[in-house]
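Asker: 3D model of this:
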Amino acid sequence: MSAAEGPLVVGVDTSTQSTKALVVDASTGRVVASGQAPHTVSTGAGRESDPRQWWDALREALHQCGDAAHEAAAVSIGGQQHGLVTLDAQGDPVRPALLWNDVRSAPQARRLINELGGPKAWAERTGTVPGPSITVTKWAWLAENEPDAVRATAAVRLPHDYLTERLTGEATTDRGDASGTGWWASGSEAYDEEVLAHIGLDPALLPRVVRPGEVAGTVHARDELPFSRGTLVAAGTGDNAAAALGLGLRPGTAVLSLGTSGTVYAVSTRRPADPTGTVAGFADARGDWLPLACTLNCTLAVDRVAALLGLDREAVEPGAGVTLLPYLDGERTPDLPHASGLLHGLRHDTTGGQLLQAAYDGAVHSLLGALDLVLDADADRSAPLLLIGGGARGTAWQQTVRRLSGRPVQVPEARELVALGAAAQAAGLLTGEDPAAVARRWGTAHGPVLDAVERDEETLARIAGVLSDAAPLLERESNRN
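Answerer: Prediction:
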């Protein structure tokens with residue numbers, strides 16, 4: 001392996017299932033070392049993880065990087081958004097973290113919306129109408145269901161905040177991740193004292209919001225990590241904002257990310273405020289905005305359908321008439337937190353491959369339905385969609401997105417875009433560059449473009465009709481063991 005042309009930086013992606021670390025040459029974007037370690041998530045009604053597993057996974061991933069990590073001059077953490085981490089006075093978790101896909105706080109979300117002015121007021125105040133994914137609802141759930149845990153809490157953090165603080169010893173977050181809490185006001189770019197007072201959360205328990213380009217601190221946990229003295233730590237950010245950095249996004253370019261969750265987003269210079277709640281008006285990590293729509297059911301849900309059918313995930317077959325809404329974890333877009341999967345149109349001649357294709361169609365339909373709301377009015381809707389995430393290289397995913405969107409699709413060759421975006425943020429500390437410009441210099445978005453095909457309006461209309469007709473059933477709350 002040739003020597004690096006510039007200083008080395010580390011970008012980290014702490015996601016739902018694992019933590020990944022990349023050591024990157026800040027001059028060229030070449031990945032010189034990498035590591036990955038898993039963590040576990042509970043099953044059942046809740047989705048929880050022990051934050052200490054994230055730290056252990058980070059240590060393991062960094063040690064897999066070897067000497068390159070020791071040579072790094074800066075590090076940044078990109079992390080799963082919205083998770084509620086509660087720490088005691090010693091900095092230890094009071095209880096497992098409530099993750100983004102834990103939907104038990106749906107009743108608290110509805111109550112908070114009503115108590116603080118309704119959807120429009122929330123959208124104007126925080127940029128987002130809170131659903132059960134948003135952190136403010138999780139704190140409200142905890143206060144109602146586990147008051148002893150609330151009383152024991154001396155600090156409240158998001159997942160990336162937790163790891164950054166263990167790196168530096170300083171309590172910090174960034175605007176991108178803070179904007180997904182529901183207690184950060186997008187207009188003033190500060191914590192919203194009225195919201196915090198309403199839910200009984202002392203602002204002293206929250207981390208300082210680090211400005212874009214500002215150093216969060218230096219690594220102080222050197223005995224546990226292979227970093228040298230004085231290694232700079234960037235602010236870090238949420239995973240979607242980190243991926244936007246990793247792609248070097250310019251305003252108006254649409255991204256469709258296929259992972260455990262599915263997301264559609266674009267950078268905008270306008271502060272979003274969607275009163276329908278479909279689009280979350282997140283901040284990005286640079287100073288602009290990142291309007292985003294998210295679904296809870298994407299690759300894992302489709303893979304589960306494939307497993308139930310005993311099929312490979314690519315074993316799809318064309319066929320009309322069958323509709324499968326793969327809402328296995330409830331759903332966020334559309335807002336159906338209590339929904340389960342729904343199958344309609346099954347016939348004697350329906351094949352397993354057609355059922356599997358219907359699962360892909362149902363997952364992609366939810367994302368494309370929000371695309372027009374995510375994009376600014378003047379965005380070019382004929383431009384290629386950037387397709388990223390774990391499903392982006394799957395032929396069935398690519399072809400389904402092309403057929404249902406009617407747009408060309410570009411698949412960036414760069415992998416691990418969240419970690420690359422974090423690395424670009426770390427590199428920006430050293431060079432003084434905009435991290436998105438760093439990523440563009442690295443060429444991270446380069447990749448093949450798949451031509452547009454005719455949009456499958458018939459399938460889109462059929463799915464929309466089934467969804468509308470089944471709404472009362474999908475909205476019904478059911479008991480689940």
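
Asker: drop to CA atoms for contacts and neighbour counts, all remaining ones
Answerer: Fine.

Asker: Return the residues in contact with residue 99.
Answerer: Contacts for residue 99 were tallied using C-alpha atoms under 8 Å, 6 or more residues apart in numbering; they are 16, 47-49, 82-84, 133.

Asker: Spell out which two among these are the most distant pair, please.
Answerer: Spatially, the most separated pair among those is 49 and 133, at 15.0 Å (C-alpha to C-alpha).

Asker: the more surrounded of these two?
Answerer: The neighbour count for residue 49 versus residue 133, taken as other C-alpha atoms under 10 Å, is higher for residue 133 (27 against 21).

Asker: How much space separates that one from residue 84?
Answerer: Computed as C-alpha to C-alpha, to the nearest Å, the residue 133 to residue 84 distance reads 10 Å.

Asker: By residue count, tell me the biggest helix in the protein.
Answerer: Ordering each helix of the chain by length in residues (DSSP state H) puts helix 352-369 first.

Asker: Run through the neighbouring helices and strands of that one.
Answerer: Judged by 3 or more C-alpha pairs under 8 Å, 6 or more residues apart in numbering; DSSP states H and E, helix 352-369 is in contact with strand 262-265, strand 289-295, helix 299-309, strand 323-325, helix 395-405, helix 457-469.

Asker: what sits up against that helix?
Answerer: The contact list for helix 352-369 (C-alpha under 8 Å, 6+ apart) reads 256, 262-264, 293-295, 297-298, 302, 305-306, 309, 311, 313, 315-319, 322-326, 333-334, 396-397, 400-401, 404-405, 460, 463.

Asker: gap between it and the chain center?
Answerer: Distance, stretch centre to chain centre, for helix 352-369: 21 Å (C-alpha atoms, centre = their mean, to the nearest Å).

Asker: Tell me the helix or strand right after it.
Answerer: For helix 352-369, the following helix or strand on the C-terminal side (DSSP states H and E) is helix 371-374.

Asker: next SSE after that following helix?
Answerer: According to DSSP H and E, the helix or strand after helix 371-374 is strand 385-388.

Asker: other SSEs contacting that next one?
Answerer: strand 255-258, strand 409-410.

Asker: quick one: which of those is nearest residue 344?
Answerer: Nearest of these to residue 344, taken as C-alpha to C-alpha: strand 255-258 at 24.2 Å.

Asker: about what we covered before: deepest of the helices and strands packed on strand 385-388, which one?
Answerer: Counting by mean count of other C-alpha atoms under 10 Å, strand 255-258 has the highest mean neighbour count of the helices and strands packed on strand 385-388, with a mean of 25.

Asker: Now do the buried residues in stretch 373-380.
Answerer: For stretch 373-380, the neighbour count (16 or more other C-alpha atoms under 10 Å) marks 373-376, 379 as buried.

Asker: same thing with stretch 54-66?
Answerer: Using 16+ other C-alpha under 10 Å as the test for burial, stretch 54-66 gives 54-65.

Asker: Equivalent analysis for stretch 447-464, please.
Answerer: In stretch 447-464, counting by 16+ other C-alpha under 10 Å, buried: 450, 452, 459-460, 463-464.

Asker: Contacts made by it with the rest, please.
Answerer: Identification of contacts with stretch 447-464 by C-alpha under 8 Å, 6+ apart yields 320-321, 323, 362, 365, 384, 402-414.

Asker: Repeat the analysis, applying 7 Å as the threshold.
Answerer: With C-alpha atoms under 7 Å, 6 or more residues apart in numbering as the test, stretch 447-464 has contacts from 323, 365, 402-413.
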